[in-house]
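K.L.:
Okay, structure incoming, though there's no sequence with it:
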């Protein structure tokens, strides 16, 4: 088994970030338990609605390894304004990796080359660029709905809130005006 990863990146799957490593002979991914700061902030701003939608439980925690020899297909699909899903189909399993648009072609090319038996460069490839969403600021004073709406839009644009969560919280803020 190879011990040096050719590429590492973070993938946002089902409301949690997964650490993904691609080796010459396998793909490994793992999701830890717990709640991120972004998820807590979104939960506070949406009155808990986003936490209810994505959950707080650690049942999604775990690891998985897929041997390159069992991969039958690698497909990319657009997933919103900022992300692309890299879908890895293997015998008996399918895993979606949600990554920024700019990272997807490099990930797909590396996986396709490995499946086709092309030997990657001896030096590990640089890690795929990771899009960092702007850090949400502290909740604005209750009397400033315009700032709350702006921050809510930032959370939606960063992919932290779904369109439904955004719409519900926006209606709540506008009702208080």
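P.N.:
Thanks, I have it. What you see is a predicted model; the values in this text were computed from it and never measured. Numbering: from 1, shown residues only.
K.L.:
after the helix or strand of the chain with the lowest mean pLDDT, next one along is what?
P.N.:
Least confident helix or strand of the chain, by mean pLDDT, DSSP states H and E, is helix 49-54 with a mean of 57. Scanning forward in sequence from helix 49-54 by DSSP states H and E, the next helix or strand is strand 62-67.
K.L.:
And the helices in this protein?
P.N.:
With helices called from DSSP state H, the chain shows them at 37-45, 49-54, 104-115, 145-157, 163-175.
K.L.:
which other residues reach the third one?
P.N.:
By CB atoms under 8 Å, 6 or more residues apart in numbering, the surrounding residues in contact with helix 104-115 are 6-7, 9, 22, 24, 27, 68, 71, 74, 76, 84, 86, 88, 97, 99, 120, 125, 128. Where you see a C-beta, it was placed from the backbone N, CA and C, and this is true even at glycine.
K.L.:
Tell me the buried residues in it?
P.N.:
Across helix 104-115, burial judged by 16 or more other CB atoms under 10 Å covers 104, 106, 107, 108, 110, 111, 113, 114, 115.
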